[in-house]
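Undergrad: compute the structure for the input listed below.
(2 chains)
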Amino acid sequence: MKIRYFAWMKRTVGVPEEEVTPPEGTETVGDLVAWLRSRSPGHAEALAEGAAFGAAVDQRTATFDVKLAGAREVAFFPPFTGG
Amino acid sequence: MTVRVQEAEFDVGAELARLTDGNKRIGGLAVFVGLVREMHVREGYHRDRVDALTLEHYPGMTETALQEIEAEANRRWPLEATLIVHRYGRMEPGERIVLVAVGSPHREAAFEACEFLVDWLKTKAPFWKLEDTPKGEQWVGAHQEDDAAAARWEKK
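TA: Next up, the predicted model:
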């Protein structure tokens, strides 16, 4: 699946997007975050527990308990500041 | 109902004329225009000069989110016309960032729906602001007041 990062998270992780194959048993957004943290120190920092960020699964805002089942794109981003 | 996300500047007069042309049921048009400010207030006291603002967004999700917010406004109020134009990319102080316009037979609905749209798009549409200041680039943090403003429209 494709993972996308926005705003400061993109810089902290080091890439705007990446193609990943999470291990079996990665069922929810929360599971995916836990696995992504192990990929690099940048990932660990951007996705740290307690860091203020949200997620979207296939471009719909998603909480950490949302199931990934068949998701093609998961995005992580800081709180929105438009307007 | 129209939503546009674009890099180019927009002409408020032309946008409003296009929105209302041919619809004679509109009795009132409420309009909000957001501009780039030349300074930023942080934690209530500290001020940084802002030389430019760069808006990043999530293409695809942004349009969907704005359309959903617009649809919600149309469910809640009797509206004849709604328009959201939001820019992305680099902008300097004084430039227009966002235009929200709401036409209704009566002004109350237009005022309320306009305020609702602005409050919700600030907290529910995937945009992020990066400020160019004399101290370097700084990402704008979310404001608690914006969350509170958006929350008052949540249905109990």
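Undergrad: what segments of chain B are strands?
TA: Using DSSP state E, the strands of chain B run over B:2-6, B:28-35, B:39-42, B:46-49, B:52-57, B:81-87, B:89-91, B:96-104, B:127-133, B:136-139.
Undergrad: which one of these lies nearest to residue A:64?
TA: Closest to residue A:64 of these, according to CB to CB: strand B:127-133, at 20.5 Å. From N, CA and C alone the C-beta is placed, and that goes for glycine too.
Undergrad: hmm, back to that, got CSV for the strands of chain B, with mean pLDDT, distance to residue A:78 and mean neighbour count too?
TA: Shown next, in CSV, are these (pLDDT from 0 to 100; distance: least, CB to CB, whole Å; neighbours: other CB atoms under 10 Å in any protein chain shown):
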stretch, mean pLDDT, distance to residue A:78, mean neighbour count
strand B:2-6, 97, 19, 16
strand B:28-35, 97, 19, 16
strand B:39-42, 72, 16, 13
strand B:46-49, 75, 18, 11
strand B:52-57, 97, 10, 19
strand B:81-87, 98, 18, 23
strand B:89-91, 98, 19, 15
strand B:96-104, 98, 18, 23
strand B:127-133, 94, 6, 20
strand B:136-139, 91, 7, 13
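Undergrad: can you pull the buried residues of the helix ranked longest in chain A?
TA: In chain A, taking DSSP state H as the definition, the longest helix is helix A:29-36. Buried residues in helix A:29-36, defined by neighbour count with 16 or more other CB atoms under 10 Å in any protein chain shown: A:29, A:31-33, A:35-36.
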